[in-house]
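Asks: coords please:
(2 chains)
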Amino acid sequence: MSNIPTAPGNVGFPQAYGQNQNQQYQHVQQFSQFSQPSAAPLNNAPPNYAANPFPFPTATTSQEPVKPVSQIPNGAPSYQYNHAAPNYPTAASAFPAHSAGFSHQPPSFSPATQPSMNGHHAPPPPAVSRPPAFPTPPPSVGSAAPSIQPPIPSALASARPAPFPAAQPPPAPTPTPSYQQQMAPRPQAPAAYPPASQQQGYPPQPQQNSQYGQPQVPQPQMQNMNQQFGQMNMSGAPGPQQQMGGYRNDIIDLIAERNVQQLGFEDIEIQIPQQVANPNAHVDPNIFRSTLAQVPQTEELLKKSRLPFAITLHPFRDVKNLNIIQTSNIVRCRYCRTYINPYVYLPDHRHWKCNLCNRNNDLPDDFCWDPVTKAFGDPRNRPEIQNATVEFIAPSEYMLRPPQPAVYVFVIDISAAAIQSGYLHTFAEQLLINIDQMPGDDRSQVCFIAVDQCLHFFSFSSNKRYPNEMIVDDIDDAFLPSVTSLLVPMKKFKDTIRTFIKQLPEFYSQIGPTSNGNCLGSALKLAQSMIQEVGGRISIFQVSLPNLGLGALKSREESTEGGQNLGPATDFYKALSLECTGSQICLDLFMFNTQYADLATLSEIAKFSTGCVYHFPNYNYRNDIHQVKRFERTLTRYLTRKLGFEAVLRIRTSRGLALTGFYGNFFVRSPDLLALANVNPDSALAAQVTLEEKLPQYVCFQSALLYTSSKGDRRIRVHTMCLPTTGDLLQLYNNFDLKATVSYLAKIGVERSMTGSSLADSREALVNAVVDSVGAYQKAVSRGSGMLVPRVGHLRLFPSYVLAMLKHPAFSSSRGIRLDERAGAMLMMRFSPLDQILSDIYPRLYRLNELASMPEDQSPPALPLSFEHISRGGVYLMITGTIAFVYVASSADPGFLVNVFGTSTYNDIDEYSLLERDNELSRRVHAFFKQVTQFRFYLGPIITIKEHSPLRDVFVRRLVDDRSESTHSYVEFLQHLKREISGN
Amino acid sequence: MAFTFAAFCYLLALIAVGFCIFFAIYTVICVDELRTDYKNPIEQCRNLNQLILPEYIIHGTFTVLFIFSWQLISILANLPLAFYHIYTYAKRPVMSGPGIYDPTTILNRSTLSSTLRISWIKLAFYLVSFFYYLYAMIYTLVTSN
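Replies: Have a look, this model is predicted:
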């Protein structure tokens, strides 16, 4: 007893540190236990039997010793007892266990080395004791057994620690891991021994309270502990106990909880089963993602959950360290043609079992050949087995024709409105800079067509410095004025092309007699006929409504209610798009309109030809410098990004699953095949999934993209995703992936709004998605009051993201949004990948002042989007999908201002003050800018907004948690949802 | 046996519904090929759309004839289908040519299965109608003495 008073002071700091260390160990155990459920019962029986003789004597003696020393004896004795348990199988194991106990004493005297030493010593004792106890199991089972064994005896041992504290004073670090182990299986003990649990249950409570009250623990660590504790409790507890415990620890009430954002928005970890060939391979979640990280095993379970089930796929995302495989024999399933992947089953070195159709296939002899070691090795070492994303260089049987060259056609609007907007200056400037970086080989070709009331073609010849301009004014029956000199090789005519581009803005700097109209439809028809034998990309730069020639449109913005004109007015552009897809031609649209230009109809050219639509409303190169900068950046990315030609994408699923709808910009060629005339790294799609049969333990999705690279070779990029299945309804909510869901709901809402459904229907569907999900969850946990959601997973953020979607220009019910701006916002969502969609719907808000006081390697957390979190002395950074703001409050800290903006006076700040200056804080601020805007290609430059600036409304409008003139605040929205759920 | 206007209507309907049966069979085959044989959806939709207006006009014609000859059972049987045809044509996607099938949406799995189901239902309806019209024509001829 004399030792104990000094120990608490010493133990305080190491305990917190060691506890974190132990959590990781505990997490590993949890993972292992989950991965080997069939092995658990076998290992469970012996420990139970061994521990049974002890409960009664320890129960009678445990009450009295536990109370005087509530913390240290509870931890230390259980650890000792854990070592004592292996004594019973064999006497020989007693010696190694004892020596392991001694080895723990030295770390207690050196805190600096304690964490690593503690982590190192935690696993060995079970491993040492297990092999003698189980001599007969095969090696593979033996390796799994030790990881299973430790939690079980600890669970029983921790309930009865009493006899040892008096006998042996414990080492200082020993209590920490055992104490953590004690917490996890606590609900299990009361079920087995009710009388003992009544006594046992009381003492741990104060420890738990003091644990949460510790101020030294940083917030992220506390957050991790909360999640870890909830997860452990969930997996360890029996059903009835789980429900009771879950309400306290695992469920939060959104109306009562003010900081759902602070709990984080990390990706949900996928638990891949162990029997696949490589359970350590994970597909990048930004490439392949499911709305449910655990798939329900039956259709009834999915319907009961009311959760959407879909996948999002980004097939041509820029990938670092892409594994490129060149082989004459690509290994595929004979029956369903699935490419071999990490999630197949390898019974031996000669066969593999397909993970999609469950049939056996032969491995070719050369599959196991390792070129590095020049010997036959393990098939698991092949890159196809090691990586969920691989790219094959395709042999010749994957080609229908020789690979096509890169062909670029630029269709340029030169009508009066286009000349006034001045976009040609930026276009010519950026094209001149980037024309050498455009993807392609020596065979690349380029063509330019200028469009107003007439068609202007440019004939290049090698002996002239300028091309000849040829004008076709019969636009209803237009024809190509020349056959060979309009589409020219870029390399051969490089100088002439560059001179032409440089002079382009001056050629069309004046409004001419033919500038009062635009015949885009005729131009596109001719462009398509020009390159239809080869394929390629047509880039359209448009300002005016095309009111002449083929596909002429009339203004219909004010004809009826705004929301009803999101569908196309004519099918000319859709038919043209389908013809272009058949010819492997992609049409991209850059729209700079200042007046109504019927973007909803024009966008049909991009939808089915795998194009993209970039909208720059009210573009003017003198008056709106931010739009110019954004166009510059977008165009630079557009011209220089990777490109794949004549592509097809096939998505295969495990048996029992089916893809029932595709959303994005492509043409559906057959139920599982998408035709993509061109493929680029900035396009993504979503697909709805349905269940058709009862599912086995895990399911897989595989996407195979066959394309021609700009260097002229045919390639196949394969992504494979493996997901576990579950029959537990609550696990579905815990593994609900909101990032995939928001992306999917945005795409499906856009699709329905632009194909005939009214906007109000889409808005109602978004609200119903939340009402159904949260309502079904409350029914599942049998709690009728409040807005209850699980703490883990993403369901708690669903209401705020749906509210943000309802306020987004695409779906907003506000009258102030013009029709083309709404269409532009919708079109961006239809093809964008999910990180772009998420940031545009719910921007990220950071308080920059915290950078001054933070350690070097940390960054400020994202804040909820409410003016409640905007203080009068703060400087804030907000990043949306297309614009970034720095908001300066009027009473901002002068010290911060002088370092970052160069002046300590609020009034002196202007839009050019935010430059990187020669001091530490400015460097850190700009490093933070670079960090959060990485890979954001459509983001304009950062705009400085002062509190009294006219741009303030642009910033305030993005605070989606606050109420505005026609919409709910976040709290009001929760109340609305609560009433909707109660009404069901 | 007197050849009445009603009998004439049934005779015409017999011939007309034969064409409708052919159209329905053709639709079933085309849609099934889309689902299983990876046919080109643009060409399949073009072929299907060519038959839409003829089918609707033929069916509308003998429905109107039944109204003029006041054959109550035939009117009650065909009027819902006629209204369905009008509704379907009014709700079709924006298209410059005739037809209701859009190659960009037909390969949606639910669209494909509902189209196939409707085609089977119409085929069954036309077959039953054929035999009913045959019976009704003979009955009309016999009872008109």
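
Asks: pLDDT at the closest residue to A:P439 other than its chain neighbours, what is it?
Replies: Spatially, and ignoring its direct neighbours in sequence, A:P439 is nearest to A:S710 (3.5 Å; Cβ to Cβ, 6 or more residues apart in numbering or on different chains). Yep, even glycine has a C-beta here, placed from its N, CA and C like the rest. According to the prediction, A:S710 has pLDDT 89.

Asks: same check, this time on A:E764
Replies: 84.

Asks: Repeat that for A:T640.
Replies: For A:T640, the predicted pLDDT is 90.

Asks: For B:T61, see how far away B:A24 is.
Replies: 17 Å (Cβ to Cβ, to the nearest Å).

Asks: more crowded one of these two?
Replies: B:A24 (23 against 14; other Cβ atoms under 10 Å in any protein chain shown).

Asks: can you give me how far the strand or helix carrying the more buried one is from the chain middle?
Replies: In the assignment (DSSP states H and E), B:A24 maps to helix B:5-36. Relative to its chain's centre, helix B:5-36 lies at 6 Å (Cα atoms, centre = their mean, to the nearest Å).

Asks: got it, and stretch A:851-870?
Replies: Distance, centroid of stretch A:851-870 to centroid of chain: 22 Å (Cα atoms, centre = their mean).

Asks: And for stretch A:953-967?
Replies: That offset, for stretch A:953-967, works out to 26 Å (Cα atoms, centre = their mean).

Asks: Okay, buried residues for that stretch please.
Replies: Within stretch A:953-967, the residues that count as buried by 16 or more other Cβ atoms under 10 Å in any protein chain shown are A:954-955, A:958-962, A:967.

Asks: which one of the residues you listed is nearest A:R641?
Replies: Of all these, A:R958 has the smallest distance to A:R641: 27.6 Å, by Cβ to Cβ.

Asks: Give me the neighbour count for the nearest residue to the closest one once chain neighbours are set aside.
Replies: Leaving aside its sequence neighbours, A:R958 sits nearest to A:P843 (Cβ to Cβ, 6+ apart; 5.4 Å). By other Cβ under 10 Å, 22 other residues sit near A:P843.

Asks: repeat for the one 4 residues further on
Replies: For A:R847, the tally of surrounding residues (other Cβ under 10 Å) stands at 17.

Asks: if I look at the most centrally placed residue in chain B, how far off is B:G99?
Replies: By Cα atoms, centre = their mean, the mean C-alpha position of chain B lies nearest to B:C20, the distance being 4.7 Å. Separation of B:C20 from B:G99 (Cβ to Cβ): 16 Å.

Asks: Please list all residues in contact with the residue lying closest to A:T967 once chain neighbours are set aside.
Replies: Spatial nearest neighbour of A:T967, chain neighbours left out: A:K807 (5.6 Å); criterion: Cβ to Cβ, 6+ apart. Applying Cβ atoms under 8 Å, 6 or more residues apart in numbering or on different chains to A:K807 gives the contacts A:960, A:964, A:967.

Asks: now swap in A:S444 and tell me
Replies: A:405-408, A:438, A:489-491.

Asks: cool, A:V767 as well?
Replies: Per Cβ under 8 Å, 6+ apart, neighbours of A:V767: A:802, A:806, A:977, A:980.

Asks: pLDDT score assigned to it?
Replies: So A:V767 comes in at 92 (pLDDT).

Asks: Where does it sit: helix, strand or coil?
Replies: helix (DSSP: H, G, I helix; E, B strand; the rest coil).

Asks: Ok, A:F955 next?
Replies: helix.

Asks: Run a quick neighbour tally on the residue lying closest to A:F831 once chain neighbours are set aside.
Replies: Spatial nearest neighbour of A:F831, excluding adjacent residues (Cβ to Cβ, 6+ apart): A:N665 at 4.4 Å. A:N665 has 24 neighbouring residues, counting by other Cβ under 10 Å.

Asks: Next up, the contacts around A:N665.
Replies: A:606-612, A:683, A:685, A:830-831.

Asks: Could you report the pLDDT at it?
Replies: 91.

Asks: ok, now the one 5 residues further on?
Replies: Here the pLDDT value assigned to A:S670 is 85.

Asks: That one touches B:I106, doesn't it?
Replies: No. The pair A:S670 / B:I106 is not scored as a contact, 10.8 Å apart, by Cβ atoms under 8 Å.

Asks: okay, and the common contacts of these two?
Replies: B:34, B:41.

Asks: With neighbour numbers in mind, choose between these two.
Replies: Neighbour totals were compared for A:S670 and B:I106, and B:I106 leads with 21 against 18 (other Cβ under 10 Å).

Asks: just to revisit the earlier point, who wins for most neighbours among the contacts of A:V767?
Replies: These, ranked by neighbours (other Cβ under 10 Å): first place A:V802, 27 neighbours.

Asks: which SS class is the residue nearest the centre of chain A?
Replies: Taking Cα atoms, centre = their mean as the criterion, A:N286 is the residue nearest the geometric centre of chain A, at 4.3 Å. Here A:N286 is recorded as coil under three-state DSSP.

Asks: Wasn't A:Y876 part of a strand?
Replies: Yes. If the criterion is three-state DSSP, then A:Y876 is within a strand.

Asks: In contact with A:V260, which residues are there?
Replies: A:252, A:254, A:796-797, A:800.
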